[in-house]
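S.K.: A structural model of the following input is requested.
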Amino acid sequence: MYKMTAHRILCLGEVMVELAPACEGLFKSGFAGDTFNTAWYLKRLLGKTARVAYGTCIGADQVSGELIDFLQAQGLEPTVRRIINRTLGLYMISLRDGERSFAYWRGQSAARLLADDMEWLRGVCMAQDVIQFSGITMAILAPDARLRLLRALTQARADGATIVLDTNMRPRLWEDSQTMCDGVMSAARVADIVLPSFDEESAHFGDVTPTATIERYRSVGAKTVIVKNGHSDVIAWDLVQGGLSHTPPLAKQIDSTAAGDSFGAAVIAGLVQGKDLHTTVTDACHLASRVIQEKGALSPKLFQEG
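M.R.: Coordinates of the predicted model:
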């Protein structure tokens, strides 16, 4: 297995205000976003053994200030750049048979400017042991900003950081399908660990099997690839153990929000703790199966119950 020793973990991306269904047509608000969700679950899995930071841009308004308070209350280190006349994006979840759909309002999202200040970005990435980002982190940026982000991550990798990519392919955020595929592959070239979802890879890259997905990411230098596949077998590969498959536990699906994000957190936690690939994938599947039985992106109840 690809091992790493980590004390400082940075997740990069966008935090949004989340409106999640509560009851009788009412919604509850919170904060969420793919890499943020991963950071939140990581902190709960690792506790005091790791410093988990979240890097993003926010506004100078009240809701942005509330986000900083929330990050600190959750044990995460805010690593933010504040931008006047910008704010946080907003999304609303709709549920049907446990599957979610989203409506987004993110035109004034400060996170879209994440890579506009290269000096700040390099400083954020400096001296990190692990840096996680996603296809969404890439998608919300302007084309030249994507290149700046990849340059900063390449330098961090050269300085010893392990780079983790959750591919999270969202076509509506990209200019077109080809740009999305090219962007994801460019991101994979700077990553050590790639966490794709087979339904997305099949739809956009034409992969016939999860093994084909693994081979494509191996070909650009990934050392570990774990292909999520819904309720079907997870297929994983790394340099040490080679390939393996794992069948996720059966679970009643209430809300699939953050299933992949929590899965990624458990993968990073397993690697940080030196677990083998099989144990890491097993733990990740178990956590994701519990998360989908709760509403909303974050599930503190799971950790209160131990």
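S.K.: H7 and V52 touch, don't they?
M.R.: No: counting by Cβ atoms under 8 Å, H7 does not reach V52; the two are 10.3 Å apart. C-beta here means a position set from N, CA and C on the backbone, and glycine is covered the same way.
S.K.: who has more neighbours out of those two?
M.R.: A count of neighbours by other Cβ atoms under 10 Å puts V52 above the other of H7 and V52, at 28 against 13.
S.K.: tell me the pLDDT of the more buried one.
M.R.: V52 is assigned a pLDDT of 97 by the prediction.
S.K.: before we move on, what about H246?
M.R.: Note for H246: predicted pLDDT of 82.
S.K.: what of the one 3 residues further on?
M.R.: For P249, the pLDDT comes out at 74.
S.K.: so what's A22 up against?
M.R.: For A22, the contacting residues are K28, K295, by Cβ atoms under 8 Å, 6 or more residues apart in numbering.
S.K.: for the stretch 101-250 of the chain, which spans come out with low pLDDT?
M.R.: 250 (pLDDT under 70).
S.K.: in it, which spans are strands?
M.R.: 130-134, 162-166, 193-195, 224-227, 234-238, 242-246 (DSSP state E, counting those that start in this stretch).
S.K.: which residues in the stretch 51-200 of the chain form helices?
M.R.: Chain-ordered helices for the stretch 51-200 of the chain, with DSSP state H, counting those that start in this stretch as the definition, fall at 62-73, 118-125, 135-139, 143-158, 177-188, 198-205.
S.K.: what packs against the shortest one?
M.R.: Secondary-structure packing of helix 135-139 (3 or more Cβ pairs under 8 Å, 6 or more residues apart in numbering; DSSP states H and E): helix 34-46, helix 143-158, helix 177-188.
S.K.: distance from the chain centre to it, please.
M.R.: 10 Å (Cα atoms, centre = their mean, to the nearest Å).
S.K.: before we move on, what about the longest one?
M.R.: With Cα atoms, centre = their mean as the basis, helix 143-158 stands 17 Å off its chain's centre.
S.K.: picking up where we left off before, now the strands of the stretch 101-250 of the chain as CSV including mean neighbour count and distance to T213?
M.R.: Below are the strands of the stretch 101-250 of the chain laid out as CSV (neighbours: other Cβ atoms under 10 Å; distance: least, Cβ to Cβ, whole Å):
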stretch, mean neighbour count, distance to T213
strand 130-134, 27, 16
strand 162-166, 26, 13
strand 193-195, 26, 9
strand 224-227, 26, 5
strand 234-238, 23, 8
strand 242-246, 14, 12
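S.K.: need the ones you listed in CSV (columns: distance to D116).
M.R.: Formatted as CSV, the strands of the stretch 101-250 of the chain follow (distance: least, Cβ to Cβ, whole Å):
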stretch, distance to D116
strand 130-134, 16
strand 162-166, 21
strand 193-195, 26
strand 224-227, 31
strand 234-238, 35
strand 242-246, 40
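S.K.: tell me which of the ones you listed sits nearest to W174.
M.R.: W174 lies closest to strand 130-134 among the strands of the stretch 101-250 of the chain, at 12.9 Å (Cβ to Cβ).
S.K.: quick one: strands adjacent to that closest one?
M.R.: strand 8-12 (parallel), strand 162-166 (parallel) (DSSP bridges).
S.K.: format the ones you listed as JSON lines; extra columns: distance to L302.
M.R.: Shown next, in JSON lines, are the strands paired with strand 130-134 (distance: least, Cβ to Cβ, whole Å):
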{"stretch": "strand 8-12", "distance to L302": "19"}
{"stretch": "strand 162-166", "distance to L302": "20"}
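S.K.: out of those, which is closest to W40?
M.R.: So among the strands paired with strand 130-134, strand 8-12 is nearest, using Cβ to Cβ, at 9.0 Å.
S.K.: buried set for the helix or strand following the closest one?
M.R.: Sequence order places strand 16-21 as the next helix or strand after strand 8-12, per DSSP states H and E. Residues of strand 16-21 classed as buried: M16, V17, E18, L19, A20, P21 (neighbour count, 16 or more other Cβ atoms under 10 Å).
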